[in-house]
Structures are given as structure tokens and as C-alpha cells.
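> 3D, please:
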Amino acid sequence: MQPGSLSSQAQPLSEPARLVAVFFDPKRAFADIAARPRWWPPLLLAILVAVLFVSLFSSRIGWDRYLERALESNPRTESLSLEERQRIIEQQSGLVRVMGYAGAVAGTAITTLIVAGALLFACNLLLTAELAFRQVFAVTCYAFLPNALASLLGILMMFLKHPEDFDLENPTAFNVGAYLDPSATPRWLYGIATSLDLFSIWVILLLALGISSSARKVSYGKALAVVIGLWVIWVALKALRYAVF
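Numbering: from 1, shown residues only. Sure thing, here's the model as predicted:
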């Protein structure tokens, strides 16, 4: 369905109302997004929340502590002396900080673009959805909003927990991997477990709703099958990366 093909009687949502509706009335929100596919408000919000998370992590937890934890949990570096570990931390701390901010800005935008591109390709090829990139990109930006909520909850946990106990990879413990021992679990299995996340499931459901709302001839079930299929491929690649590296 092309933008603007909804009934002219449909009352458009203001941007604040649309952002709220994604969480509390997603069917109405994505019907409005399908008719008026604006993408920049949710993307900007996601980037701002990510930058806030990285900034507070830098001041509250610190990248030195993050690197210390990473070195301690890595079998390849556990035999290093204290001096060698400290040297690595001093060399890498500044770089990791810069990468954290780069990931918050560029990483957020690039990830959204890649997911939207994959969805557009899969839906148009497998479901003949005849979607435009602008539509799918807007759907993806809004469907990713639960990730911003997860980051805000991560910030809350950052201040509720002692800095030594905060885990950047599992800040909110809403995934299966948070309840496994990383040192006793194969890395590939741990990668799969961390992907079984409450917010990831939420995003998957919203993506399917957005696709089916934008392409009316595509049912929610078919859209959900495509989204889950792409997610399974991503999890498999993630597990492979852990297994190899």
C-alpha cells in the first residue's frame, strides 16, 4: 500500500501521540505510520537515548572496568599478568570510549538501515509486498523503540547496582543469557541465549505488525514468518561468530 492510501477520514496522530501509541496502541500507530511514514523522530530519539546510556556508563561504570571484566572472562587473556592486563586497558580504554559513542550514533542508524533493507528485500521477494524503502524504514525505526526503553531500564539498573556488578552485555537481565554462567557456557550457546530477549520478541512482533499494516495484502502471519526467519539467520550468524572467534 502506498503512503496516503488510507481513508482520508482517518485522524492523523501527532508525533508524540504516535510514539506513545507504538507502546499502548500499536495497531493504530502502525496504520498511521503506513499512511504517513516519517522515520526521523523515532530514530533521533533512539540515538539520543543511546548517547545518554553511553555517557552515563562512561561516568558511572567506566570503560576501564568494562575492559577488566572482558579480560577476566576471556580464556585467551586469563593467563596474562596484572601488569600486562593494565597495559592493555591503558591502550584500549580511549578507543573503546570513542567506539561506544560511535556505536550509539552511527551504529544505531546503520543497524536500522540494514534491518530495513533486509526486510524490504525479503518481503518484496517472498511476499510480493510491493513496499517502498521509506515505508519499511519508518516501520523499522518505530518498531525499534522498545530497544530505547530497554536502554532506559539499563540506565536505571546502572544506578541501582554497584558498578562492579553491572554487566554491559546484560544490563537488564531480560534475556536467557543473563542466567547462564559465561565462563561455563560455550560462547556460541551464550550468544544464542542472549538473543532470546523480551525486548527482541517485542520488536519482532512490532515489525510484523508494521509490515502487514503497510502492505495490506500481506497477512500478519506471513509478515511474522519473514521477520522471524531473518531473526533466526541473524542469531545463527551471531552464534557462528562466537564459535569462530
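
> need phi/psi at the residue most central in space within the chain.
The chain has residue 147 as the residue nearest its centroid, 5.2 Å off, counting by Cα atoms, centre = their mean. Dihedral angles of residue 147 (phi, psi; degrees, to the nearest 10) stand at phi -70, psi -40.

> my guess is it meets residue 197, correct?
No - with contacts defined as Cβ atoms under 8 Å, residue 147 does not count as touching residue 197, sitting 9.7 Å away. For every residue, glycine as well, the C-beta is placed using N, CA and C.

> for this structure, what helix or strand is lowest in average pLDDT?
Taking mean pLDDT, DSSP states H and E as the measure, the chain has helix 63-73 as its least confident helix or strand, at a mean of 81.

> which element follows it toward the C-terminus?
Where DSSP states H and E defines the elements, the next helix or strand beyond helix 63-73 is helix 82-102.

> which non-adjacent residue is nearest residue 168?
Once flanking residues are discounted, residue 168 sits nearest to residue 66: 5.7 Å by Cβ to Cβ, 6 or more residues apart in numbering.

> what's the neighbour count on that neighbour?
22 (other Cβ atoms under 10 Å).

> and it, what does it touch?
57, 96, 168 (Cβ atoms under 8 Å, 6 or more residues apart in numbering).

> of the residues you listed, grab the buried ones for ChimeraX.
Buried residues among these (16 or more other Cβ atoms under 10 Å), as a ChimeraX selection:
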select :57,168
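
> what's the lowest-pLDDT member of the contacts of residue 66?
Lowest in pLDDT among these is residue 168, which has 86.

> can you tell me the SS state at that residue?
coil (DSSP: H, G, I helix; E, B strand; the rest coil).

> again with the one 4 residues further on
What three-state DSSP gives for residue 172 is coil.

> distance of it relative to residue 42?
Separation of residue 172 from residue 42 (Cβ to Cβ, to the nearest Å): 20 Å.
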